[in-house]
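Novice: after the sequence you'll find the predicted model.
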Amino acid sequence: MIAPVTTSRTTGIALAVHGAASILTRPVGDRARGMADRGFTPGLPHAVLVPALEIVAGSVLGTTLPTPAGGSQQSRGTQRRRATRSSSTARGIRRAAAAAAATTALAAVRVGADLDDRSVTAGTVAAAAVTWAGASAAVAQTRGRARAVLLTAVGAVVVFELVRRRRVLRAR
């Protein structure tokens, strides 16, 4: 089985490369028109911010993800050492969890939009895999109430974007 850290790292690198390729290969105006045609209005902020978010989230996921504190399979000494971590490690875990949540939301919106349009392609399948990898990384980096809040926030963002998109398309 592939280690979760390796999967997250690979997903992060691929996401960052995809964001950079989007910026470099298609002019902003073309991307903005394409986003607006698919119902993501205004198109310009989506055309600029989505690839930028892909690059940032992918870069954070592409680094080694620290493991969360605690866990039932660890010795008491290990649990004690991890409980007294430095604040920089805690920030790294929060940063990794936020990047995983952003990755999950981006990919889930893509999957939802493609399913809504009934235009499932290989890109949709790749986005579903990225959604799974991002959600797995988010779950691995959080526990308890933080996990529930993070996954609820991701779900709210996805639902908001898809409902807003549907309203825009119906208004046309």
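Specialist: Received it, and whenever you're ready, just let me know what you need. Numbers count the residues shown, from 1 in each chain.
Novice: longest helix in this structure, please.
Specialist: Counting residues, the longest helix found in the chain (DSSP state H) is helix 87-117.
Novice: mean confidence score for the helix or strand following it?
Specialist: Of the helices and strands lying after helix 87-117 in sequence (DSSP states H and E), the nearest is helix 122-141. The average pLDDT within helix 122-141 is 88.
Novice: okay, buried residues for helix 122-141 please.
Specialist: 124, 127-128, 130-131, 133-141 (16 or more other CB atoms under 10 Å). Every residue, glycine included, has its C-beta placed from N, CA and C.
Novice: picking up where we left off before, so which elements touch the longest helix of the chain?
Specialist: helix 4-25, helix 43-62, helix 122-141, helix 144-171 (3 or more CB pairs under 8 Å, 6 or more residues apart in numbering; DSSP states H and E).
Novice: returning to that earlier point: let me know the closest of the buried residues of helix 122-141 to Gly19.
Specialist: Val130 (11.9 Å; CB to CB).
Novice: which pair of the buried residues of helix 122-141 spans the longest distance?
Specialist: Every pair of those checked by CB to CB; the farthest is Thr124 and Gln141, at 25.9 Å.
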